[in-house]
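*Asks:* 3D, please:
(chains A and B)
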Amino acid sequence: MGEAFDVAVVGAGPAGLSAACLLAEKGVKTIVLERGEYPGAKNVSGGVLYGHDLAQVLPDYAERNLPIERNIVESRMWYLSRDGGYSLSYRDRIFTEERKHNVFTVGRAKFDRWFSEQARGRGALVVCGTVVTDLLRDENHRVVGVRTDRSDGDVRAKVVLLADGINSPLATKTGFRPEPKTHQVALAVKEVIELTEEQIQERFNVDPGHGVTIEILGEVTQGMDGVAVIYTNRKSLSLCIGANLSALSRQKVRLYEMMESFKAHPMVAPLIQGGKSMEYMAHWLAEGGYDAIPQLCGDGFLITGDSGMLFNALHREGSNLAMTSGRFAAETIVEALAKKDFSRNGLLGYISRLRDSYIFKDLKKYRRFGQFLHTHPELFTSLPRWTSLAAREMLTVNGVPKREKQKAIWQEFRSRFSLVSLLRVLWDGWRSIK
Amino acid sequence: MSTKVEDKLFLDRFRVDEESHLRIIDGALCMEKCIEQPCLYICPANVYRLEKNRISVAYEGCLECGSCRIGCPHLNIEWRFPRGGYGVSHKFG
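*Replies:* Residues are numbered from 1 along each chain as shown, chains lettered A, B, ... in the order given. Coordinates of the predicted model:
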């Protein structure tokens, strides 16, 4: 590959492919380097995607056989103790009709392949089975291309777009961003469980093509700062569970065992009953928030998506931030090509685009959220236990007067918490999301 | 609970390279200085296993998450991606 390109993109995920689509469309000579056998082979997410951000890259995506699993018409939140839990859900007709692509589920192996076909169709070169092992620099330390693990594998480019995801040995090696600390990432495992379409429709009370997402907090993460989700696909469910890596390390919990306990929870087991496990995966989630975002551009390079820690943990949004940061990177590169300025200065338009958009605004808004979960372990231990006890007692019909029950519940509360500690949770929680 | 991670890994498709992409840099350090040995717990594929006098590395089932690399308190694991096209390949993702 002695050829020179305008742009070399590292990684065929939503960030890199969004940029590649838009660059190629403008006639920019673009190569995408993907280490997997095919785009999506290495990529993992919970599995939801967002029509709004996709439409800004591919306005006609809906007419292009996009491999959607199910359009999400209902979001549920669960707060679970070991034996029970609360469920809060919201469903709206608007998500079945005019905003039907607001949120939808995808399988990344199919979706990322589809996305790369769109980039190829616009003229980008997508090369799979190729690991980028280093960055090429000139005598002034400017990035001028990438080194790959192919023989004769140097690719020269005016700009390198790093879209290689959160786990990046390339970052470690080249120092374009610092290696994450264990408290800055969550490690999650995912299992895909096959059911029939009809079973999913019955169990989740949805029509064909419609689906549900469930976000879960509580004792399921065994006292650790973590989260679980259940998403509906067409003929399968995606179950994910994860926790902060520093907590996992401290508590010596094995995630695959935590997944099995989660699957046995009384609110989960009936949903997956009779299902067959199809696949098992693991991936990090960027939990550092706004304060963990590295320098996102430098001389000759830009960083997008997960690779730049652009992830909104509270709203489980990541793929949309990836697509939109990829779009901003493409717009910036087109400007830089016109000015022939690929220095950090010439690429700074990327940062102002991020700053003016929901990406930096949201991440800034929630910058304390990670810290909030981290410093309030009671959210994952005594609080779900007590809230479950309260509901269990009030719902049990056993001849005990309700005032006595309330008193017992209150006493239980006082034995575990102080009023001050409850107020602190509420106050800190409010401050972390306000 | 006796969940076998092997049963889960059996579901996945791996193209295994002859050479490991994971390497413990100093094996003696794991046994002599590392008290916590978090690699034995945090790895979601149970790649690291305690043998009689060393920690073995079953790289064939690695899910490529990177946790051992940053989770090793002594940064004693050399970690690279498998060669292009090798390692795990997701069917659904």
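*Asks:* got the contact list for residue 77?
*Replies:* I went with chain A, as the question did not name one. Under the criterion of Cβ atoms under 8 Å, 6 or more residues apart in numbering or on different chains, the contact partners of residue A:77 comprise A:87, A:88, A:89, A:214, A:215, A:216, A:217. C-beta: built from backbone N, CA, C; applies to glycine.
*Asks:* hm, I was asking about chain B
*Replies:* When contacts are counted by Cβ under 8 Å, 6+ apart, residue B:77 touches B:22, B:23, B:24, B:25, B:39, B:68, B:69.
*Asks:* the third one bridge partners, please.
*Replies:* This points to residue B:24. Here residue B:24 sits in beta bridges with residue B:77, going by DSSP bridges.
*Asks:* ok, it touching residue B:75?
*Replies:* No. Shown here, residue B:24 and residue B:75 do not form a contact pair, counting by Cβ atoms under 8 Å, at 11.2 Å.
*Asks:* who's more crowded, the two?
*Replies:* Set side by side, residue B:24 and residue B:75 show more neighbours around residue B:24, with 21 against 12, by other Cβ atoms under 10 Å in any protein chain shown.
*Asks:* which residues touch the more buried one?
*Replies:* Taking Cβ under 8 Å, 6+ apart as the criterion, residue B:24 is in contact with B:30, B:55, B:57, B:76, B:77, B:78.
*Asks:* what's the closest of those residues to residue A:170?
*Replies:* Each of these was scored against residue A:170 by Cβ to Cβ, and residue B:78 proved nearest at 14.6 Å.
*Asks:* identify the bridge partners of residue A:127.
*Replies:* Here residue A:127, judged by DSSP bridges, has bridge partners residue A:33.
*Asks:* count the residues that sit near it.
*Replies:* As a burial measure, residue A:127 scores 15 neighbours (other Cβ under 10 Å).
*Asks:* contact partners for residue A:239?
*Replies:* By Cβ under 8 Å, 6+ apart, the contact list for residue A:239 reads A:190, A:191, A:192, A:193, A:228, A:229, A:230, A:259, A:262, A:263, A:268, A:272.
*Asks:* the last one: how many residues sit nearby?
*Replies:* Each residue near residue A:272 was counted by other Cβ under 10 Å, and the total is 22.
*Asks:* could you turn the buried ones of the contacts of residue B:24 into a PyMOL selection?
*Replies:* Isolation of the buried members of the contacts of residue B:24 (16 or more other Cβ atoms under 10 Å in any protein chain shown) is achieved in PyMOL through the command below:
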select buried, chain B and resi 30+55+57+76+77
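*Asks:* and chain B, which residues reach chain A?
*Replies:* B:1, B:3, B:5, B:8-9, B:11-12, B:15, B:36, B:38, B:41-42, B:44-46, B:63-67, B:69-71, B:79-85, B:87-93 (Cβ under 8 Å from any Cβ of the partner chain).
*Asks:* any of those buried? List them.
*Replies:* Applying 16+ other Cβ under 10 Å to those, the neighbour count classes B:5, B:8-9, B:12, B:38, B:41-42, B:44-46, B:63-67, B:69-71, B:79-85, B:87-90, B:92-93 as buried.
*Asks:* keep only those of the residues you listed that are in strands.
*Replies:* When DSSP state E defines the strands, the subset of those inside them is B:79, B:87, B:88, B:89.
*Asks:* could you list the low-pLDDT ranges of chain A?
*Replies:* Where chain A drops to pLDDT under 70, the residues are A:1-2.
*Asks:* can I see the domain layout of it?
*Replies:* Residue ranges for the domains of chain A, per automatic domain parsing: A:4-69+A:106-178+A:291-356, A:183-286, A:370-433.
*Asks:* so which of the ones you listed gets nearest residue B:51?
*Replies:* Shortest distance between residue B:51 and the domains of chain A, using Cβ to Cβ, is found for domain A:183-286: 18.2 Å.
*Asks:* is stretch A:310-321 positioned near chain B?
*Replies:* No. If you take Cβ under 8 Å from any Cβ as the test, stretch A:310-321 misses chain B, and the best it gets is 11.8 Å.
*Asks:* C-alpha coordinates for that stretch, PDB please?
*Replies:* Taking Å, rounded to 0.1, in the frame of the first residue of the first chain, the C-alpha atoms of stretch A:310-321 are listed here in PDB:
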ATOM      1  CA  LEU A 310     -17.500  10.600  23.800                       C
ATOM      2  CA  PHE A 311     -20.100   8.600  25.700                       C
ATOM      3  CA  ASN A 312     -23.100   9.700  27.700                       C
ATOM      4  CA  ALA A 313     -23.400   7.000  30.400                       C
ATOM      5  CA  LEU A 314     -26.600   8.300  32.000                       C
ATOM      6  CA  HIS A 315     -28.600   8.200  28.700                       C
ATOM      7  CA  ARG A 316     -26.700   5.200  27.300                       C
ATOM      8  CA  GLU A 317     -26.000   7.200  24.200                       C
ATOM      9  CA  GLY A 318     -22.800   6.400  22.400                       C
ATOM     10  CA  SER A 319     -23.400   5.400  18.800                       C
ATOM     11  CA  ASN A 320     -25.100   8.800  18.100                       C
ATOM     12  CA  LEU A 321     -22.200  10.700  19.600                       C
END
